[in-house]
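# Compute the structure for the input listed below.
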Amino acid sequence: MVKLILKPIDQDDFEPVTLEKGETVLGRGNLLNCSDKKVSRTAATLELKENGDVILCSTHVNPVFYGNKEDDLKQLKKNKSIKLKNNEIFGLTQTSFRFQIQLEDIDLSTLKNGNSTELKNGNGENKETDDKKRWKYGKWKW
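Now for the predicted structure:
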């Protein structure tokens, strides 16, 4: 199982956002801590597929931005989609509300045994965590 973490680049006081598989609407609102009136409430969608692919789709006339570097983002115009890679960046504007994509693999097979869960961060490194602290009532608790 893969989880997607959106790490804020230009918002120091904002915690990373964790998304599960499926499609999420991105825009102005609480999810991304965006209150800028220049950003639509439905600026884009971000879809985490079962196989770990991350698809960014611009859904508003104002474009969203994506790329490998903060200072070299490309426009993604309305009704266009792009597959993002691990550690790539997207932004609701070119200079603000930018987030880095981080994918983590979660080995759920150990949950049934009550052992620690092996997490692999976006760089392929393993992290050991106590699953009793993270898994509660059938959901991940972060």
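# Tell me the buried residues in the longest strand seen in the chain?
Taking DSSP state E as the assignment, the strand of the chain that covers the most residues is strand 98-106. Within strand 98-106, the residues scored as buried using 16 or more other C-beta atoms under 10 Å are 98-104, 106. Glycine gets a C-beta too; all of them are placed from N, C-alpha and C.
# Name the strands paired with that strand and say parallel or antiparallel.
For strand 98-106, the pairing partners within the sheet under DSSP bridges are strand 2-8 (antiparallel), strand 89-91 (antiparallel), strand 117-120 (antiparallel).
# Just after the strand or helix carrying residue 55, pick out the following helix or strand.
If you go by DSSP states H and E, residue 55 is part of strand 54-58. Past strand 54-58, further along toward the C-terminus, the next helix or strand under DSSP H and E is strand 64-67.
# elements contacting the helix or strand following that following strand?
Following the chain from strand 64-67 toward its C-terminal end, the next helix or strand by DSSP H and E is strand 74-76. If you count contacts as 3 or more C-beta pairs under 8 Å, 6 or more residues apart in numbering; DSSP states H and E, strand 74-76 packs onto strand 54-58, strand 64-67.
# C-alpha coordinates for the last one, CSV please?
This means strand 64-67. Written as CSV, here are the backbone C-alpha positions of strand 64-67 (Å, rounded to 0.1, in the frame of the first residue of the first chain):
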residue,chain,number,x,y,z
VAL,A,64,-1.4,25.0,-11.6
PHE,A,65,2.3,24.5,-11.8
TYR,A,66,4.7,21.4,-11.5
GLY,A,67,8.3,20.5,-11.9
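# Single out the most deeply packed of the helices and strands packed on strand 74-76.
When neighbours are counted by mean count of other C-beta atoms under 10 Å, the highest per-stretch mean among the helices and strands packed on strand 74-76 falls to strand 64-67, a mean of 23.
# Thanks a lot, see you next time.
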